[in-house]
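Asker: Using only what follows, build the 3D model:
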Amino acid sequence: MPTIQINPTQGKRFAASSFSGAGTDWNSIHDGTTATMSDQDANFNIWASFTSAFGFTFHYINRYANDFDLSGLPAGATITAATLNLYGNSWPNTDVNFHIIEGTFDSSLAADDFNNFTGYASGWDGDDVTDYADEVTTGDWDETDFNEITLNSTAITALQSAFDGGTRFKVMYMTENDYEDTSAVAGGSGVSLGVEWHTIGNADSAKHPYLEITYTAAALLDGPLALRNGKLNILAGRLVIK
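Answerer: Sure thing, here's the model as predicted:
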């Protein structure tokens, strides 16, 4: 079956932080509705950390969103499989597993898209969202080559719907403790847990992320089709008459 590679149309970073005079204030950012948004750099990282000193506790969360324009697929294509390919980069702190979930943002990202993903509500966690892949384990993260992430059947359905509807396929990335709504960061105060990869902001296009989509092409009929009597049953696929 044929395949096609599609680079992201847009990518933005979302950074949020909070502090409290005593104890923690994790929920104010985990359940927050806006964050500082900026263009992606050559390399991007998602991370979470906290710092505690002199009775103050600071929390930080970085998320990332991008989308893919599927108009390069041929008319009538049926998507059968997809992988997301991210070229890893060295993360200077402590690696953490991460998740890829369904985004619900518009075609132009804004600061208040920080919480625009399926399942968002006050107190949300990973049981509420729509996963597009298994948890990515950064213990196996390749920092010198592409990491191939297989998208699940839910993502394939969403890809097909986006293609058929002429919209973009949208994803949000977040760290494991953000996904699980766990304010504690392993390793203690001042430890940043994250992962990093190259983005479309990198001058080296050979390291740009991409979707690899496998599809079946629509059946084409050359010449006239005459049905004089009886029935024409199409049990699977599509019939395209030009």
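
Asker: Output the contacting helices and strands for the lengthiest strand in the chain.
Answerer: Longest strand of the chain, by residue count under DSSP state E: strand 56-69. Contact analysis of strand 56-69 by 3 or more C-beta pairs under 8 Å, 6 or more residues apart in numbering; DSSP states H and E lists strand 10-20, helix 27-30, strand 43-53, strand 168-175 as its packing neighbours. Glycine gets a C-beta too; all of them are placed from N, C-alpha and C.

Asker: Comparing those, which comes out most buried?
Answerer: The highest average neighbour count among the helices and strands packed on strand 56-69, using mean count of other C-beta atoms under 10 Å, belongs to strand 168-175 at a mean of 25.

Asker: Check which element follows that strand along the chain.
Answerer: Next helix or strand after strand 168-175 toward the C-terminus (DSSP states H and E): helix 176-179.

Asker: from the middle of its chain, how far away would that following helix be?
Answerer: 14 Å (C-alpha atoms, centre = their mean, to the nearest Å).

Asker: after it comes which helix or strand?
Answerer: strand 192-198.

Asker: Also compute the angle for that following strand relative to strand 56-69, please.
Answerer: 20 degrees (axes from the mean of the first three to the mean of the last three C-alpha atoms, to 10 degrees).

Asker: Can you check what angle separates strand 192-198 from strand 168-175?
Answerer: Using the same axes, to 10 degrees: strand 192-198 against strand 168-175 is 140 degrees.

Asker: and strand 192-198, what does it pack onto?
Answerer: strand 43-53, strand 78-89, strand 94-95, strand 168-175.

Asker: same thing but 10 Å
Answerer: strand 43-53, strand 56-69, strand 78-89, strand 94-95, strand 98-102, strand 146-150, strand 168-175, helix 176-179 (3 or more C-beta pairs under 10 Å, 6 or more residues apart in numbering; DSSP states H and E).

Asker: so can I have TSV of these showing mean pLDDT?
Answerer: Below are these laid out as TSV (pLDDT from 0 to 100):
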stretch	mean pLDDT
strand 43-53	80
strand 56-69	90
strand 78-89	97
strand 94-95	88
strand 98-102	97
strand 146-150	97
strand 168-175	96
helix 176-179	92
